[in-house]
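Engineer: take a look and give me a structure for this.
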Amino acid sequence: MGKSSNWGQSFIDLAAKKGLQLKKPTQSQFNRFINYLLIGKDNKDHKVVSVCLKKVKSTNKNNWVWVEIKNKKGDPGWIFGDADFIVFEFQDKFLFIPRKTLLDYVYKNVDFDSPISSNSWDAKYKIYQRHGFLDQITQLKISKIQDLPNSYVWTK
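Structural biologist: Here you go, the predicted structure:
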C-alpha cells in the first residue's frame, strides 16, 4: 500500500512486519465499515480477514472505548458493518475483537431501555446522542471487552 498517511500507517507497518499482505477494500466494502483486508502468509486457502480500525485517543486515561450503534445521520453504525474484526488502536497495541462478539456483548450489557442521554459523561453502558446529530454511541470498559472470545493483541 504505497500511500503514506498518518491514519492507519502504524497498522500497515505492523501487518507488513508480520508478513501479512494488506489490501484496500472496494468502495462497497469501505461503505460497510471495512478499512483493510488482511491476507495471511500462507494464502493457499485464500483466507482474508476484514478489519474496521478505530483509533483510541491517547488522552483516554479512563480505559473506555466508544462504540457506534448509529452514525450521525441515524444510519446503522460501524458495529453493524461487515468487518470480521473491530481493531482498536492504542498507543502501544492493537486490540482485535471479533465484531459479532462485540455486538453480542453490546446487546447483553448496554442499557437500551433508559432514555437517550445528551451528556457524554453518562455514556458508560448507556446510549448517548450528541446535540444536533442522530448518532447513538456508547462507552465500553476496555478491561471488560479485551478478553472476549477470539480477541487478540498486536503489540506495537
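
Engineer: find the centremost residue of the chain, please.
Structural biologist: By C-alpha atoms, centre = their mean, the chain has its centre lying nearest to residue 86, at 3.4 Å.

Engineer: ends of stretch 114-123, how far apart?
Structural biologist: Stretch 114-123 has an end-to-end distance of 11 Å (C-alpha to C-alpha, to the nearest Å).

Engineer: SS state for the residue lying closest to residue 74 once chain neighbours are set aside?
Structural biologist: Setting aside the residues directly before and after it, residue 74 is nearest to residue 134 in space (C-beta to C-beta, 6 or more residues apart in numbering), at 3.2 Å. For the C-beta atoms, the positions are set from N, CA and C on the backbone; glycine is no exception. Put simply, residue 134 is coil when judged by DSSP: H, G, I helix; E, B strand; the rest coil.

Engineer: element containing residue 30, please.
Structural biologist: According to DSSP states H and E, residue 30 maps onto helix 27-31.

Engineer: what's that helix packed up against?
Structural biologist: Helices and strands touching helix 27-31, as assessed by 3 or more C-beta pairs under 8 Å, 6 or more residues apart in numbering; DSSP states H and E, are absent.

Engineer: the residue nearest to residue 74 contacts residue 69, doesn't it?
Structural biologist: No: counting by C-beta atoms under 8 Å, residue 134 stays clear of residue 69, with 10.9 Å between them.

Engineer: so between those two, which is more surrounded?
Structural biologist: The neighbour comparison of residue 134 against residue 69 (other C-beta atoms under 10 Å) goes to residue 69, with 20 against 12.

Engineer: ok, residues contacting stretch 25-33?
Structural biologist: Identification of contacts with stretch 25-33 by C-beta atoms under 8 Å, 6 or more residues apart in numbering yields 24, 34-37, 50, 52, 78, 81-83.

Engineer: filter these down to the buried ones.
Structural biologist: Burial by neighbour count, 16 or more other C-beta atoms under 10 Å: within the contacts of stretch 25-33 this picks out 34-37, 50, 52, 78, 81, 83.

Engineer: mind listing what's buried along the lowest-mean-pLDDT helix or strand in the chain?
Structural biologist: Comparing helices and strands within the chain by mean pLDDT, DSSP states H and E singles out strand 21-23 as the least confident, with a mean of 91. Within strand 21-23, the residues scored as buried using 16+ other C-beta under 10 Å are residue 22.

Engineer: quick one: neighbours of the closest residue to residue 92 other than its chain neighbours, just the number.
Structural biologist: Closest residue in space to residue 92, ignoring its immediate chain neighbours: residue 156 at 5.5 Å, by C-beta to C-beta, 6+ apart. Residue 156: 13 surrounding residues under other C-beta under 10 Å.
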